[in-house]
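Asker: Test case, fold it:
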Amino acid sequence: MSRNSLLTRFFLSLSSRLGVVLAGAVVVVSLVAPLVRPYNPSVDVHFAIRLRPPSAAHPFGTDSLGRDVLVRVLYGLRASLSMGVVAVAIGLTLGALLGLSAGFFRAWVETTVGWFSDTLLSFPTILLAIVIVSISGPGLVHAMIAVGIVQIPVYARLGRSTVLSLREREFVQAARSLGARSGRVLFRHILPSSLPPLIVQATLSIGIATLEAAGLGFLGLGAQPPAPELGAMISGAFKEGYALTAPWTMIFPGAFIVVVVLAANLIGDGLRDALDPRSLARH
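Answerer: Reported below is the predicted structural model:
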């Protein structure tokens with residue numbers, strides 16, 4: 001499939017176009033946050049304007065310390081996006097390597113990877129992430145690593161199943177018959193053909209990882225105050241009892257989490273349809 005035809009099929013879908021627009025908007029606003037207002041979202045407090053509702057001066061209102069919620073949401077969005085993307089990168093890299101090795105070499109490698117994946121999958125993902133962060137200590141980096149670890153078995157299983165369907169194909173057998181070493185066959189022939197389902201899963205997992213990162217932040221295990229992070233912002237407003245008296249302190253951070261997850265899911269669905277040959281009949 002050519003790159004042009006893939007892009008054409010991807011953008012044929014309304015959900016794909018909407019997902020790209022949402023994702024682009026989210027990335028842009030998170031990157032230009034420092035240019036929106038010359039403001040430190042962690043330490044610039046103004047008690048005289050605490051808990052002000054949304055206005056022209058503060059479009060998202062202010063929190064209990066008089067900090068601009070809009071600026072904190074934009075900086076928090078950057079932290080949440082970073083956590084989601086880095087966590088998925090960790091899970092994709094390690095999980096794909098394990099899954100590809102298990103499916104290609106079989107024998108004890110497959111048994112060991114299968115045991116490892118089944119063990120991790122026996123725990124609820126958020127609970128496992130909580131355990132890992134509790135052991136390593138709270139913080140943004142530790143939360144990224146924890147969410148990345150719980151993503152590993154998903155890619156390990158997907159990578160293994162993909163390799164099992166490819167290892168007996170004609171192009172792989174031809175490479176073997178020409179004397180190609182196992183590493184070359186795996187990384188030059190099987191890996192490129194295994195990428196489409198892994199990429200689709202990675203795109204969909206960004207939304208899941210963002211939710212899990214926000215959950216850790218809500219529990220106080222992610223970014224630590226006063227650093228802004230969407231889950232931690234919701235948690236702080238909830239614990240202080242502002243859900244009814246100052247709902248904007250929770251609504252706007254929550255809305256941006258929804259937008260990130262929605263954008264990831266829309267793009268993932270579009271990629272799945274574009275990379276699936278059977279989708280030709282639907283277009």
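Asker: contacts and neighbour counts: CA atoms only from here.
Answerer: OK.
Asker: For stretch 191-210, buried residues please.
Answerer: By 16 or more other CA atoms under 10 Å, the buried positions in stretch 191-210 come out as 191, 194, 196-210.
Asker: Let me know the helix or strand that residue 96 is in.
Answerer: In this assignment (DSSP states H and E), residue 96 forms part of helix 69-105.
Asker: Which neighbouring elements make contact with that helix?
Answerer: helix 14-31, helix 33-36, helix 107-121, helix 140-166, helix 191-218, helix 230-239, helix 248-275 (3 or more CA pairs under 8 Å, 6 or more residues apart in numbering; DSSP states H and E).
Asker: nearest to residue 52, of the ones you listed?
Answerer: Residue 52 lies closest, by CA to CA, to one member of the helices and strands packed on helix 69-105: helix 248-275, at 9.5 Å.
Asker: ok and the closest one relative to helix 69-105, angle-wise?
Answerer: For helix 248-275 against helix 69-105, the angle by axes from the mean of the first three to the mean of the last three CA atoms, to 10 degrees is 30 degrees.
Asker: Which pLDDT does the model give the closest residue to residue 110 other than its chain neighbours?
Answerer: Closest residue to residue 110 apart from its sequence neighbours, by CA to CA, 6 or more residues apart in numbering: residue 102 at 4.1 Å. What the model reports for residue 102 is a pLDDT of 89.
Asker: okay but residue 102 is in contact with residue 161, surely?
Answerer: No - under the criterion of CA atoms under 8 Å, residue 102 is not in contact with residue 161, lying 9.3 Å apart.
Asker: want to try TSV for the helices and strands packed on helix 69-105, with mean pLDDT as columns?
Answerer: Output for those, formatted as TSV (pLDDT from 0 to 100):
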stretch	mean pLDDT
helix 14-31	88
helix 33-36	69
helix 107-121	89
helix 140-166	90
helix 191-218	88
helix 230-239	88
helix 248-275	89
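Asker: can I get those helices in TSV with distance to residue 49?
Answerer: Formatted as TSV, the helices and strands packed on helix 69-105 follow (distance: least, CA to CA, whole Å):
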stretch	distance to residue 49
helix 14-31	25
helix 33-36	20
helix 107-121	47
helix 140-166	29
helix 191-218	25
helix 230-239	16
helix 248-275	14
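Asker: To residue 92, which of the ones you listed lies closest?
Answerer: Closest approach to residue 92 among the helices and strands packed on helix 69-105 (CA to CA): helix 140-166, 5.9 Å.
Asker: Residue 232: what's it in contact with?
Answerer: By CA atoms under 8 Å, 6 or more residues apart in numbering, the residues touching residue 232 are 214, 217-220, 222-225.
Asker: Looking at those residues, which one is closest to residue 71?
Answerer: Among the contacts of residue 232, residue 225 lies closest to residue 71 (CA to CA), at 15.1 Å.
Asker: For the closest one, what are phi and psi?
Answerer: Dihedral pair for residue 225: phi -60, psi 150, per degrees, to the nearest 10.
Asker: ok, it - how many residues close by?
Answerer: Neighbourhood size, residue 225 [other CA atoms under 10 Å]: 14.
Asker: same deal with residue 5?
Answerer: Residue 5: 11 surrounding residues under other CA under 10 Å.
Asker: On the pLDDT front, check it for me.
Answerer: If you check residue 5, the pLDDT there is 73.
Asker: what does the host helix or strand of it rub up against?
Answerer: Per DSSP H and E: residue 5 is located in helix 3-12. With CA under 8 Å, 6+ apart as the test, helix 3-12 has contacts from 16-17, 270-271, 273-275, 283.
Asker: Just the buried ones from these?
Answerer: When neighbours are counted using 16+ other CA under 10 Å, these contain these buried positions: 16-17, 270-271, 273-275.
Asker: Which pair of those spans the longest distance?
Answerer: Within those, two members stand farthest from each other by CA to CA: 17 and 275, at 15.7 Å.
Asker: and the closest residue to residue 207 other than its chain neighbours, how far is that from residue 17?
Answerer: If the residues on either side of it in the chain are set aside, residue 207 comes closest to residue 261, at 4.1 Å by CA to CA, 6+ apart. Distance of residue 261 to residue 17, computed by CA to CA, to the nearest Å: 15 Å.
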